[in-house]
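Novice: Here you go, sequence then predicted model.
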Amino acid sequence: MSENELNENKLSIEPAEPEEIPAENSIPEEQNITRIHVNGKECILIGTAHVSRHSAEQVKAVIERERPDSVCVELDEGRYQSITDGKKWSNMDIFSVIKEKKATLLLMNLAISAFQKRMADQFNIQPGQEMIQGIESAKEVGAELVLADREIQTTFTRIWHGMGLKGKAALMTQLVGGVFTNEKISEEDLEKMKQQDMIDSVLQEISGAFPELKTHLIDERDQYLAQKIKDAPGEKVVAVLGAAHVPGIRQEIQKDHDLDALVEKPQKSKWPKVVGWMIPIAVIAMIIYTFIYNPDIGYQQALSWALWHGGLSGLGAALAFGHPLAILTAFVLAPFTSLNPMIAAGWFAGFAQAYVKKPTVGDFESLASDVTTFKGFWNNKVTRVLLVIVLANIGSSLGTFIGGLDVVRLFFQHL
C-alpha cells in the first residue's frame, strides 16, 4: 500500500490559506476557519460568536465559496423550530409546562437566551443570526442541512443530574444574575472571544467553578458534534459552530463516538426518593407518638410544621408578586404536599396564578425581550407564573428543613 493510501484515512488539520476572492464575498477574520481532512472527507469548521454580525457574514461567504455537500449547524430539532418559527412563544402552553414539571428548565433556558438577546440588541443584530444564515445559505447552494447538536433538554438534564445542591444553587444564581446585569461588551471584545487563547481561558474558568457544567455543556457536545459532522453526507462539509467547540471538535473528530450513549438521560438515584419519603414518615410518626402521650405538644408540632411550610411557601409566592389566590394556595397546600415528595406546592400555586392571571399571546410574544430586564422579568405574566412555582417550591423545601427540626426539638424535649 502506498504512503498516499496510508495517509488517506489519517486525520490532518491545516489552517485556511488566504485566497484572492472578490470584495463582495470577502471573509472577515479568515483565521476563524479550520480545515480538517478525515477519512477522505474535508470538514470546514467556522468558529463563530453567537451574536456577532461578522460571524454571519463569514458563514454566508464561506458557504457560497465552498459550495459544500452538507452544512452542519449547531442546533437541535427544538432550537431549529424555535429559530425558524416566529410564533415559538405564542404557541407555548403554560399549563403543559407546569404539568410536565419544566418550569425550572424553562427559567434556565430564558436566563441563557436573555444574555444573548441583550448583546444582540446592543449590536442591533438577531440572536443566532449565523445559524439562520447557515440554514439559508445551505438552501441557496443546494447543500443538505444537518442539525448537528444534541437536544438541549438532554444537555440540561445531564448537567442538572450531575450537580449537587450547592452547585445547582450557584448555577441558578449565576444565570439569574446574568439576566439583570447592565454590563456592556464592545464588538471588538466580542470578536476576541472567537480567538483560541480567549476560549481556552474561558473554559478553564468554567471548569474551575462548575466542572460538571463543562463536561456536559462543552465536552460531551464536542463529541456529539464531531461525530455528526464526520457522518454528514458528501465529501465536503461546512460546520457552523460556536467558537468554544472548535478546539474540542478538532481533537474528538479523529475518534468514534457512540451517539446513543451521549443522548442517554441519566437514571435518577433512588436515594432522593428514599430520603424524600423518610422525612415525612419520620415527622408524622413523631407527631402521632407525641399526640398519644402529650396532645398539647403534639398540637404544637403539627402547628409548627404547618406554619413553617405554609408561611415560607406563601412567602416565596409573594416574593414572585403572585396573585393573592396563588399565595393562599401555596400557604394552605404546602404542609400537605410536603408529606408527599411526588407533588409540590409550587405547582398548585402556579396553576392558580396561571388561572387568575392567564398569560396572553402578547406576553408570550414579548417574552424574549422582557426577560432582559428586571422589571420585564417580573412583570411578564409567563415568567411570573414560573417564578411563583420555583420560589414557592423553594420556600416549601426550607419549611421541610426548619419545620422538621422544630418537630424533632419538641419531640426530644418532651420525650
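Specialist: Thanks, I have the structure now.
Novice: list the helices and strands the one helix or strand Ala285 maps to packs on?
Specialist: Using DSSP states H and E, the element containing Ala285 is helix 270-293. Helices and strands touching helix 270-293, as assessed by 3 or more Cβ pairs under 8 Å, 6 or more residues apart in numbering; DSSP states H and E, comprise helix 295-319, helix 381-413. All C-beta spots, glycine's among them, are computed from the backbone N, C-alpha and C.
Novice: Show me what counts as buried in the helix or strand that comes right after the shortest one.
Specialist: Sequence-wise, the next helix or strand beyond helix 295-319 is helix 324-337, with elements assigned using DSSP H and E. Using 16 or more other Cβ atoms under 10 Å as the test for burial, helix 324-337 gives 326-335, 337.
Novice: Can you redo these as CSV, where the extra columns are distance to Lys255 and pLDDT?
Specialist: Below are the buried residues of helix 324-337 laid out as CSV (distance: Cβ to Cβ, whole Å; pLDDT from 0 to 100):
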residue, distance to Lys255, pLDDT
Ala326, 51, 95
Ile327, 54, 95
Leu328, 57, 96
Thr329, 52, 96
Ala330, 50, 95
Phe331, 55, 96
Val332, 56, 95
Leu333, 51, 94
Ala334, 50, 93
Pro335, 53, 91
Thr337, 47, 90
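Novice: just these now: which is nearest Gly47?
Specialist: The shortest approach to Gly47 among the buried residues of helix 324-337 belongs to Ala326, at 45.7 Å (Cβ to Cβ).
Novice: Now do the contacts for the closest one.
Specialist: Applying Cβ atoms under 8 Å, 6 or more residues apart in numbering, we find Ala326 in contact with 317, 349-350, 352-353, 356, 388, 392.
Novice: Report the buried members of the residues you listed.
Specialist: The neighbour-count test (16+ other Cβ under 10 Å) applied to these identifies 317, 349-350, 352-353, 388, 392 as buried.
Novice: could those residues be laid out in a markdown table, adding pLDDT and distance to Val146?
Specialist: Conversion of the buried ones among the contacts of Ala326 to a markdown table gives the following (pLDDT from 0 to 100; distance: Cβ to Cβ, whole Å):
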| residue | pLDDT | distance to Val146 |
| --- | --- | --- |
| Ala317 | 95 | 45 |
| Ala349 | 94 | 43 |
| Gly350 | 90 | 38 |
| Ala352 | 93 | 44 |
| Gln353 | 92 | 41 |
| Val388 | 92 | 40 |
| Ala392 | 93 | 42 |
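Novice: and those as TSV, adding distance to Thr48?
Specialist: Formatted as TSV, the buried ones among the contacts of Ala326 follow (distance: Cβ to Cβ, whole Å):
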residue	distance to Thr48
Ala317	41
Ala349	41
Gly350	37
Ala352	44
Gln353	39
Val388	37
Ala392	40
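Novice: SS state for Ala56?
Specialist: Following DSSP: H, G, I helix; E, B strand; the rest coil, Ala56 is assigned to helix.
Novice: my guess is it contacts Gly128, does it?
Specialist: No: applying Cβ atoms under 8 Å, one finds Ala56 not in contact with Gly128, separated by 9.3 Å.
Novice: if we can go back for a sec, adding distance to Thr215 as columns, could you present the helices and strands packed on helix 270-293 in TSV?
Specialist: Shown next, in TSV, are these (distance: least, Cβ to Cβ, whole Å):
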stretch	distance to Thr215
helix 295-319	31
helix 381-413	25
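Novice: and those helices, which one's lowest on average pLDDT?
Specialist: The weakest mean pLDDT among the helices and strands packed on helix 270-293 belongs to helix 381-413, with a mean of 89.
Novice: can you give me the angle that one makes with helix 324-337?
Specialist: Orientation of helix 381-413 against helix 324-337 (axes from the mean of the first three to the mean of the last three Cα atoms, to 10 degrees) gives an angle of 40 degrees.
Novice: if we can go back for a sec, switch the buried residues of helix 324-337 over to TSV; also include distance to Arg67.
Specialist: Formatted as TSV, these follow (distance: Cβ to Cβ, whole Å):
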residue	distance to Arg67
Ala326	56
Ile327	60
Leu328	64
Thr329	59
Ala330	59
Phe331	64
Val332	65
Leu333	61
Ala334	61
Pro335	66
Thr337	59
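Novice: tell me which of those residues is nearest to Leu367?
Specialist: Checking these against Leu367 with Cβ to Cβ, the nearest one is Ala326 at 19.5 Å.
Novice: Quick check: the gap between the closest one and Val59.
Specialist: Going from Ala326 to Val59 by Cβ to Cβ, to the nearest Å gives 45 Å.
Novice: could the contacts of Ala326 go into CSV alongside distance to Ile253?
Specialist: Listed next are those as CSV, based on distance: Cβ to Cβ, whole Å:
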residue, distance to Ile253
Ala317, 49
Ala349, 48
Gly350, 44
Ala352, 51
Gln353, 48
Val356, 53
Val388, 45
Ala392, 46
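Novice: And the furthest pair within those?
Specialist: The largest separation in these, counting by Cβ to Cβ, is between Val356 and Ala392 at 14.7 Å.
Novice: before we move on, back to that, list the buried residues of the helix holding Ala285.
Specialist: Within helix 270-293, the residues that count as buried by 16+ other Cβ under 10 Å are 279-280, 283, 286-287, 290.
Novice: Could you tell me the angle between that helix and helix 295-319?
Specialist: Using the same axes, to 10 degrees: helix 270-293 against helix 295-319 is 140 degrees.
Novice: average pLDDT for helix 270-293?
Specialist: Averaged over helix 270-293, pLDDT sits at 83.
Novice: List the contacts of it.
Specialist: Helix 270-293 is contacted from outside by 297-299, 301-302, 305, 338-341, 400, 403-404, 407-408, 410-411, 414, using Cβ under 8 Å, 6+ apart.
Novice: Let me see the ranges of the strands in this protein.
Specialist: Remark: strands assigned in the chain by DSSP state E are 12-15, 33-38, 41-48, 70-73, 144-147, 236-242.
Novice: what's in contact with the last one?
Specialist: This points to strand 236-242. Residues contacting strand 236-242 (Cβ under 8 Å, 6+ apart): 41-50, 59, 62-63, 66-74, 130-131, 133-134, 143, 146, 148, 225, 229, 232, 249.
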